[in-house]
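Peer 1: Next come a sequence and a model predicted from it.
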Amino acid sequence: MIKTSIQNRASYITYTKVIKSIETYLDKNHFLKLDLPVMLPSLIPESYLEVFETEYRYMDTRQKLYLTPSPELLIKRLLVDGIGDCYYLGKSYRNSEPASSKHLGEFTMLELYKVGADYMDISEVVLALLQNIKYQISNSKTDLDITYQGIKVDLVRWEKMTVAEAFQKYSGISAEELFDHDMFREAARRKGYAVEVPNTNPPVGGQIPNNLSIDPGIRRDDKLSEVEVQRRDPRLREDDSKGGYFTYKELWSQIYSNEVEPHLGKNGYPTLLYDYPVEFAALSKPNPDGKTAQRFEFYIAGIELGNCYSELTEWPLQEERLRKEQQERAKSGKISHPTDWGFIESLKKGLPECSGIAIGVDRLAMIFADVDSIEKLKLISIKE
């Protein structure tokens, strides 16, 4: 059923202002806006998301096409060919998204890349972008405060916090425990998380706490899959998936979602959470410590808005990721689609040193409009 919601006019206008502000700022700073196709004959396989499938028909011609869940494979081709700093601002599509206030199957994505930059350079671009949006919406060059659902946030600077610092502060898990798989599992056990994969029979001698899920879940908003291929470096191999136990990444995601994420972006400033364990940033450049990689996410009022990393430029690792993800998709029974191996052939020419970020524009507009659901930004929506 198609539903009109004229009562959302004011918040929709804010959404359009956010779009215009993004374009104005990036154009002024010499990022080239890209017009990219959203229907492609092949995609990068990603095991953690489902795609939309359609078919082109003309007389006897038949061709399967797929709506793009991300413009990444197209933009990186252009980066290899020398396009320079650029961005895509348009629709992306993900099937089987949960029915929630922060998810839609069709959504607006900003994906930008800056050549010769790392993730911290991008963090400064994003902060200036947020400030520019605020200036344009409020018609003020001095007031950088926003209030979302009663939570006041000043866009004057980041609250910068490493992942290790966040786990220590909000979950009481030390850096030593965070980066040691066995110690982390024991810390999860002490906190009451189910670390063993449950049998079909009820557990003997105890109960799983009612407020904790035994399903570790996979966070759905990342630019990369949480089960993406492990790099050849031995420190990244999954050596802890012992029979009967949830893996390190599964337990990490559970604790992060329950105990860390709800606090982010609620301490007066937007939170820049950076230096993720290498297990969660397989295609990000590793840091010299060998434990973390150059990836950040940013949050306002507990809502994740963007995911960035310094791009890993080695094409063999990209190819390995695609093969692994292809296998995972086949196992999961998701829609089968051709893999875009031409993407790898393009990368063999040499991806320049660069950094990129993907930002959910609907969520960002939701913040500036101070509404509690993406649907409240929409004049027309589809209901069952």
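Peer 2: Yep, it's here.

Peer 1: can you pull out the strands in the stretch 51-200 of the chain?
Peer 2: Remark: strands assigned in the stretch 51-200 of the chain by DSSP state E, counting those that start in this stretch are 53-58, 61-67, 86-93, 106-115, 145-148, 151-154, 159-162.

Peer 1: can you check the stretch 201-350 of the chain too?
Peer 2: 271-277, 292-300, 303-310.

Peer 1: On the pLDDT front, check P288 for me.
Peer 2: pLDDT, P288: 93.

Peer 1: Equivalent analysis for I122, please.
Peer 2: For I122, pLDDT reads 98.

Peer 1: Tell me where this protein has helices.
Peer 2: 9-28, 72-80, 119-138, 163-171, 175-178, 181-190, 248-255, 315-332, 341-347, 361-369 (DSSP state H).

Peer 1: could you dump those to a markdown table with mean neighbour count?
Peer 2: Using the backbone N, CA and C atoms, a C-beta is placed for each residue, glycine as well. Formatted as a markdown table, the helices of the chain follow (neighbours: other CB atoms under 10 Å):
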| stretch | mean neighbour count |
| --- | --- |
| helix 9-28 | 17 |
| helix 72-80 | 20 |
| helix 119-138 | 19 |
| helix 163-171 | 19 |
| helix 175-178 | 18 |
| helix 181-190 | 18 |
| helix 248-255 | 22 |
| helix 315-332 | 17 |
| helix 341-347 | 17 |
| helix 361-369 | 23 |
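
Peer 1: where in the chain is pLDDT low?
Peer 2: Within the chain, the segments meeting pLDDT under 70 span 99, 199-243, 384.

Peer 1: of the helices of the chain, which approaches V197 most closely?
Peer 2: helix 248-255 (9.4 Å; CB to CB).

Peer 1: one step back: output the strands of the stretch 201-350 of the chain in JSON lines; the columns should cover distance to I151 and mean neighbour count.
Peer 2: Formatted as JSON lines, the strands of the stretch 201-350 of the chain follow (distance: least, CB to CB, whole Å; neighbours: other CB atoms under 10 Å):
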{"stretch": "strand 271-277", "distance to I151": "12", "mean neighbour count": "24"}
{"stretch": "strand 292-300", "distance to I151": "8", "mean neighbour count": "25"}
{"stretch": "strand 303-310", "distance to I151": "10", "mean neighbour count": "24"}
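
Peer 1: Out of the ones you listed, which is closest to K169?
Peer 2: strand 271-277 (11.3 Å).

Peer 1: Between helix 181-190 and that closest one, find me the angle.
Peer 2: 130 degrees (axes from the mean of the first three to the mean of the last three CA atoms, to 10 degrees).

Peer 1: just how off-centre is strand 271-277 within its chain?
Peer 2: Distance of strand 271-277 from its chain centroid, counting by CA atoms, centre = their mean, to the nearest Å, is 13 Å.

Peer 1: quick one, that strand and strand 303-310 angle?
Peer 2: 50 degrees.

Peer 1: ok, residues contacting strand 271-277?
Peer 2: 119-120, 123, 158-164, 166, 178-179, 252, 264-265, 284, 287, 291-300 (CB atoms under 8 Å, 6 or more residues apart in numbering).

Peer 1: give me that answer again for 6 Å
Peer 2: 123, 158-163, 264-265, 292-293, 295-299 (CB atoms under 6 Å, 6 or more residues apart in numbering).

Peer 1: That one - which strands sit beside it in the sheet, and in what orientation?
Peer 2: strand 159-162 (parallel), strand 292-300 (antiparallel) (DSSP bridges).

Peer 1: Now distance to L273 too, for those strands, in a markdown table please.
Peer 2: Converted to a markdown table, the strands paired with strand 271-277 look like this (distance: least, CB to CB, whole Å):
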| stretch | distance to L273 |
| --- | --- |
| strand 159-162 | 6 |
| strand 292-300 | 5 |
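
Peer 1: on that earlier part again, quick one: closest of the helices of the chain to Y113.
Peer 2: helix 72-80 (6.0 Å).

Peer 1: Output that closest one as PDB, nothing but the C-alphas.
Peer 2: Extracted as PDB, the C-alpha positions of helix 72-80 are listed here (Å, rounded to 0.1, in the frame of the first residue of the first chain):
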ATOM      1  CA  GLU A  72      32.000   1.200  -3.800                       C
ATOM      2  CA  LEU A  73      32.800  -1.000  -6.800                       C
ATOM      3  CA  LEU A  74      32.000   1.800  -9.200                       C
ATOM      4  CA  ILE A  75      33.800   4.600  -7.400                       C
ATOM      5  CA  LYS A  76      37.000   2.600  -6.900                       C
ATOM      6  CA  ARG A  77      37.200   1.900 -10.600                       C
ATOM      7  CA  LEU A  78      37.100   5.600 -11.200                       C
ATOM      8  CA  LEU A  79      39.700   6.200  -8.500                       C
ATOM      9  CA  VAL A  80      42.100   3.800 -10.200                       C
END
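
Peer 1: quick one: S346 from L67, how far?
Peer 2: Distance, S346 to L67, by CB to CB, to the nearest Å: 21 Å.
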